[in-house]
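Q: my questions concern the predicted model and sequence given below.
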Amino acid sequence: MPVHPFPPVYDGNSRVLILGSFPSVASRGAGFYYGHPRNRFWSALAAVLDAPEPHTTAEKKELLLRRGIALWDAAASCEITGSSDSSIKNAVPNDLSPIFETADIKAVFCNGATAGRIVKKFGLAPGRPVFILPSTSPANAARSLGSLTDEWSVIKDYI
């Protein structure tokens, strides 16, 4: 059963927390979140924030922290086939308490339904609103970048 390979990104200025489900094979290989070249997370987030799209890990971390965004995944480990969220079984949740103890997180945003199910099943966001946003995964190809950007824009209300 794979174990989450990298730490969360956050600091004391983080105001929102974005949670994916579990890193894809491409992300695990790249060593950072949303590493698949067709995943639209970074392009959608940059559009929402009216910022240049980051390309390096350092640029991605800088964008998140500069804008008050924490990033991690809901599952610390799980059974998964390839990168398919629909195959996730026996998820063990990440302990989000270090983030909540360090930062005044106003809302939690889930990148897709699977992350949302894990968050709700384990009560990972006590006392905070939880938004389940459409997945930025290439598997969600029915959603255009414009549609994703429109729906993800709710983040701006909390940062």
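A: Everything's here; your move.
Q: can we go C-alpha only for contacts and neighbour counts from here?
A: Noted.
Q: which parts of the chain are helices?
A: Applying DSSP state H to the chain gives helices spanning 25-30, 41-49, 57-66, 97-102, 113-122, 145-152.
Q: got those as TSV, with mean pLDDT and distance to residue 130 columns?
A: Formatted as TSV, these follow (pLDDT from 0 to 100; distance: least, C-alpha to C-alpha, whole Å):
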stretch	mean pLDDT	distance to residue 130
helix 25-30	92	24
helix 41-49	98	18
helix 57-66	98	19
helix 97-102	98	14
helix 113-122	96	8
helix 145-152	95	13
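Q: out of the ones you listed, which is the most enclosed?
A: The densest packing among the helices of the chain, expressed as mean neighbour count by mean count of other C-alpha atoms under 10 Å, is seen in helix 41-49 with a mean of 20.
Q: now do that one and helix 145-152, the angle between them.
A: 60 degrees (axes from the mean of the first three to the mean of the last three C-alpha atoms, to 10 degrees).
Q: what angle separates helix 41-49 from helix 57-66?
A: Between the direction of helix 41-49 and that of helix 57-66, the angle (the same axes, to 10 degrees) works out to 40 degrees.
Q: just to revisit the earlier point, go through the helices of the chain and name the closest to residue 81.
A: Ranking the helices of the chain by their distance to residue 81 (criterion: C-alpha to C-alpha) puts helix 25-30 first, at 9.6 Å.
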